[in-house]
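Asker: 3D model of this:
(chains A and B)
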2 protein chains.
Amino acid sequence: MAGPSDSPRRKHKVTVVGSGNWGTTVAKLVAENTREHPDVFEEEVQMWVYEENVVVPSDSPHYDPAVGDAPQKLTSVINKYHENVKYLPKIKLPSNVIANPSLVDAVKDSSILIFNLPHEFIGNVCKQIKGHILPFARGISCIKGVTVTDDKVELICDYIGEILGIYCGALSGANIANEIANELWCETTIAYNTPPCDQRLTNGVNGAHGAGVPVRFPKTKLTPLPEDYPPLDHGEIHKLFDRPYFTVSMVSDVVGVSLAGALKNIVALACGFIEGHGWNATAKTAVMRRGMLETIRFAQEFFPESIQEMTFWESAGWSDMIVSCTSARNWRYSKMAVERGVSLQEIERTELNGQKLQGISTTKEVMSFLRARGREDHYPLFKAVEGIVDGTFEVKDIPMLFRK
Amino acid sequence: MAGPSDSPRRKHKVTVVGSGNWGTTVAKLVAENTREHPDVFEEEVQMWVYEENVVVPSDSPHYDPAVGDAPQKLTSVINKYHENVKYLPKIKLPSNVIANPSLVDAVKDSSILIFNLPHEFIGNVCKQIKGHILPFARGISCIKGVTVTDDKVELICDYIGEILGIYCGALSGANIANEIANELWCETTIAYNTPPCDQRLTNGVNGAHGAGVPVRFPKTKLTPLPEDYPPLDHGEIHKLFDRPYFTVSMVSDVVGVSLAGALKNIVALACGFIEGHGWNATAKTAVMRRGMLETIRFAQEFFPESIQEMTFWESAGWSDMIVSCTSARNWRYSKMAVERGVSLQEIERTELNGQKLQGISTTKEVMSFLRARGREDHYPLFKAVEGIVDGTFEVKDIPMLFRK
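Answerer: Residues are numbered from 1 along each chain as shown, chains lettered A, B, ... in the order given. Alright, predicted model coming up:
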């Protein structure tokens, strides 16, 4: 039996890899929690910052006349004023968030790595830190979604885990960084499937959540979390992320959370098309619902061993779908395209400076994956979105997809 | 084996009981379908109209100078101009919708009765037609919801069925009558659990949908549908309601559909409170989601034998919840109350001429039912809504309900 004398001697050190507005927001809330739980976590939270020069504007409270308009290092400004003046201005960070320009130094000795940076940088960043992290570190990816090729659907958290040889869970939800930074309440979902090698008996009860849940881990052999660390289970991860303004639900279904975070982008395009065509909320909810049913079908078809249907009722499921189909980028620009009677490609050119809408690539990748298996006709809404993007299907025909 | 020589000799006659804007809309779409399926249905659709005098305005295309401003019978106007000038103006009805001022005459010989009138009139109407309908008639209730007392939760369709001694299903969804009347596309859910006495073998296969679904019927012994009528199963009901602009999904879970249609009113109040307080879409979807989880919990707790979780992904579930929490009455006025810092009772007085908000009575009835069983603490959001209505709970404390 575990007793007081067996209390862990070490604490979890936390690093946030990334410092955009979402990364900085997560660093803020995590640092508030490490202060509140000094028994489990080291107070100091490292935040890796891609170093750049910034000029503090003269109307900022952090403007220093002695420095004037001279460029300063972003990390120095953050550590001096406890504000990310470039990516999360006007939000006071706890003083225990430490900006670090060295990626390798920032992750050193950390047992918890939180990945929060744009999708396209993740591979490179992981390669740089590989071999420089604790072998038993655990990750949480705040990068939503999956990577789909004709061969496979790979979760981003699995991709991170495989490169680094660690276990990595996923955080996803109906979350808007600036609202959370301003402590406007919302909730999120964290999927974490405690690896068997980390599970401990606490008072005779296995401390890991998710008994009976099918286990999915990177193929790499994992190094167990040493016994002199506090356990790292749903309870501790909840402590690290949950705030009065940020309610965390823990689940074990990493696949469901990741798929919902990716496929919603296809559905958001569909909802934009529907509203751009002049239909109202009742039609939009119909399409959202059909899109969710196709998402659940996709999950059940390709990940039958690990999916749990209740996951789609989480914030990462239903709530994120609603918000993405009501106010996010994919929705906004697909609506605009139909209203103006132009293609999405035209909107990318004229409104987005050539930037790509994520929903378009997700649609094409998912359809190509389905087509490689002869399954495209079982996903009529996804297929219709592809057709509308390609100009081979008309928005007005969407309702006909659902006729018996 | 059934063969061509055994084809039914009779057809289903349809009556819509009610002629408000939703009743008239349903009569329109049903009459379009009876015309398209003359093998199953009699073309003429009876619509019972509570007779009243109307004056056709002089700018109406149906204004007759010979009649002038003299009052005319509403039924005569409908049958002459094929428009319900009072409750669904400017919508052309098919000429096979026949307005009938006699309730008893309207339901005579009809094998399909569609109930579509305000909740408070249904008991009286059923008592008037009892004994005047075909004993094997079948009903579809377009009246959403349930009646809750401390003793029991009664589905409105069951209530109709029990009074009349017939089986009655339920239609519910994210539907706005005027949009459907204008043929703007949306979808709906019809729950119908074909009674065993109506189930027929067709080509050696039982024609009834829902094999394996637990059966729930009025305690009354049902009279089987005679063999010389076409069967009345999911397929035929779908034919009667489904239109290119109105996509129907058939389910067998009458309980889930009815509960979702009632409990959403509590959640809509909660969402109004949240938005009135100044929180945004992310907080609102969090509350909507928690409300849906309490709805599912309620259904599973009190109707474990008949509920199907997938029902809540139907239009009657998720879609109706979203629309009700975004644009409907309960939401609008609860938002207004918080914005103005007044009680909902005050809003009923000043904005609704003393009319009652349905969500308030639903909340009180459901909480009283739960309290009678000592279960109120398992439904924290429903309980909080009651507290806010009563002035004993503050909106700002809603997020705290969901902290672990």
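
Asker: for A:Arg340, phi and psi?
Answerer: Per-residue torsions, A:Arg340: phi -90, psi -10 (degrees, to the nearest 10).

Asker: Just give the nearest non-adjacent residue to it, would you?
Answerer: What sits nearest to A:Arg340 in space, not counting adjacent residues and going by C-beta to C-beta, 6 or more residues apart in numbering or on different chains, is A:Ile347, at 7.8 Å. Any C-beta I mention is one placed from the backbone N, CA and C, and that applies to glycine too.

Asker: pretty sure that neighbour contacts A:Glu339?
Answerer: No: using C-beta atoms under 8 Å, A:Ile347 is not in contact with A:Glu339, being 10.2 Å away.

Asker: other SSEs contacting the helix or strand where the residue nearest to A:Arg340 lies?
Answerer: With secondary structure defined by DSSP states H and E, A:Ile347 is part of helix A:344-351. Based on contacts counted as 3 or more C-beta pairs under 8 Å, 6 or more residues apart in numbering or on different chains; DSSP states H and E, the elements that helix A:344-351 packs against are helix A:329-340.

Asker: contacting residues for whichever residue of the stretch 101-250 of chain A sits closest to chain B?
Answerer: Of all residues in the stretch 101-250 of chain A, A:Cys186 sits closest to chain B, at 3.7 Å by C-beta to the nearest C-beta. Residues near A:Cys186 by C-beta atoms under 8 Å, 6 or more residues apart in numbering or on different chains: A:173-176, A:179-180, A:245-247, A:315, B:282-283, B:286.

Asker: so can I have CSV of those showing secondary structure, distance to B:Pro94 and pLDDT?
Answerer: Below are the contacts of A:Cys186 laid out as CSV (DSSP: H, G, I helix; E, B strand; the rest coil; distance: C-beta to C-beta, whole Å; pLDDT from 0 to 100):
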residue, secondary structure, distance to B:Pro94, pLDDT
A:Gly173, coil, 48, 97
A:Ala174, coil, 44, 97
A:Asn175, coil, 49, 96
A:Ile176, coil, 48, 96
A:Glu179, helix, 50, 96
A:Ile180, helix, 53, 98
A:Tyr245, coil, 55, 97
A:Phe246, strand, 54, 98
A:Thr247, strand, 51, 97
A:Ser315, helix, 46, 98
B:Thr282, helix, 45, 96
B:Ala283, helix, 46, 97
B:Ala286, helix, 45, 97
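
Asker: Neighbour count and distance to B:Asn265 for the residues you listed - can I get that in JSON lines?
Answerer: What follows is these, written out as JSON lines (neighbours: other C-beta atoms under 10 Å in any protein chain shown; distance: C-beta to C-beta, whole Å):
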{"residue": "A:Gly173", "neighbour count": "29", "distance to B:Asn265": "26"}
{"residue": "A:Ala174", "neighbour count": "28", "distance to B:Asn265": "23"}
{"residue": "A:Asn175", "neighbour count": "24", "distance to B:Asn265": "28"}
{"residue": "A:Ile176", "neighbour count": "19", "distance to B:Asn265": "28"}
{"residue": "A:Glu179", "neighbour count": "19", "distance to B:Asn265": "27"}
{"residue": "A:Ile180", "neighbour count": "24", "distance to B:Asn265": "30"}
{"residue": "A:Tyr245", "neighbour count": "18", "distance to B:Asn265": "28"}
{"residue": "A:Phe246", "neighbour count": "23", "distance to B:Asn265": "29"}
{"residue": "A:Thr247", "neighbour count": "24", "distance to B:Asn265": "24"}
{"residue": "A:Ser315", "neighbour count": "28", "distance to B:Asn265": "23"}
{"residue": "B:Thr282", "neighbour count": "24", "distance to B:Asn265": "23"}
{"residue": "B:Ala283", "neighbour count": "25", "distance to B:Asn265": "19"}
{"residue": "B:Ala286", "neighbour count": "26", "distance to B:Asn265": "19"}
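
Asker: from those residues, which single one is nearest A:Arg403?
Answerer: A:Arg403 lies nearest to A:Ala174 out of those, by C-beta to C-beta, at 31.4 Å.

Asker: phi, psi of that closest one?
Answerer: Per degrees, to the nearest 10, the backbone of A:Ala174 is at phi -80, psi 80.

Asker: picking that back up, so for A:Ile347 and A:Glu339, which residue has more residues nearby?
Answerer: Taking neighbours as other C-beta atoms under 10 Å in any protein chain shown, A:Ile347 and A:Glu339 compare with A:Ile347 leading, 19 against 13.

Asker: dump the residue contacts of the more buried one.
Answerer: Listed by C-beta under 8 Å, 6+ apart, the contact set of A:Ile347 reads A:333, A:336-337, A:340, A:357.

Asker: try 6 Å
Answerer: By C-beta atoms under 6 Å, 6 or more residues apart in numbering or on different chains, the contact set of A:Ile347 is A:333, A:336-337.

Asker: Going by neighbour count, which of these comes out on top?
Answerer: A:Ala337 leads the contacts of A:Ile347 on contacts (other C-beta under 10 Å) with 25 neighbours.

Asker: Confirm for me that it is in contact with A:Leu344.
Answerer: Yes: between A:Ala337 and A:Leu344 there is a contact at 4.9 Å, judged by C-beta atoms under 6 Å.

Asker: How far does stretch A:260-279 sit from its chain's centre?
Answerer: The chain centre lies 20 Å from the centre of stretch A:260-279; the measure is C-alpha atoms, centre = their mean, to the nearest Å.

Asker: Spell out, range by range, the helices that occur in the stretch 151-300 of chain A.
Answerer: Ranges of helices in the stretch 151-300 of chain A, per DSSP state H, counting those that start in this stretch, are A:156-164, A:177-181, A:234-241, A:254-276, A:281-302.

Asker: got TSV for these, with distance to A:Thr220 too?
Answerer: As requested, the helices of the stretch 151-300 of chain A are exported to TSV (distance: least, C-beta to C-beta, whole Å):
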stretch	distance to A:Thr220
helix A:156-164	6
helix A:177-181	31
helix A:234-241	21
helix A:254-276	15
helix A:281-302	22
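
Asker: deepest of those, which one?
Answerer: Burial of these is given as mean neighbour count (mean count of other C-beta atoms under 10 Å in any protein chain shown); helix A:254-276 ranks first at a mean of 28.

Asker: What backbone torsions are found at the residue located most distally from the centre of chain A?
Answerer: In chain A, A:Ala66 marks the outermost C-alpha relative to the chain mean, sitting 40.3 Å out by C-alpha atoms, centre = their mean. Backbone geometry at A:Ala66, expressed as degrees, to the nearest 10, gives phi -70, psi -30.

Asker: Against A:Gln72, how distant is it?
Answerer: The gap separating A:Ala66 from A:Gln72 is 11 Å, by C-beta to C-beta, to the nearest Å.

Asker: again with A:Gly145
Answerer: Distance of A:Gly145 to A:Gln72, computed by C-beta to C-beta: 35 Å.

Asker: circling back: and the helix holding A:Ile347, what's its mean pLDDT?
Answerer: When pLDDT is averaged along helix A:344-351, the result is 95.

Asker: buried ones in that helix?
Answerer: A:344-345, A:347-348 (16 or more other C-beta atoms under 10 Å in any protein chain shown).

Asker: List of residues touching stretch A:102-120?
Answerer: Taking C-beta under 6 Å, 6+ apart as the rule, stretch A:102-120 contacts A:12-18, A:22-23, A:26, A:46, A:48, A:100, A:128-129, A:132-134, A:137-143, A:160.

Asker: Contacts only, for A:Glu314.
Answerer: Going by C-beta under 6 Å, 6+ apart, A:Glu314 touches A:189, A:249.
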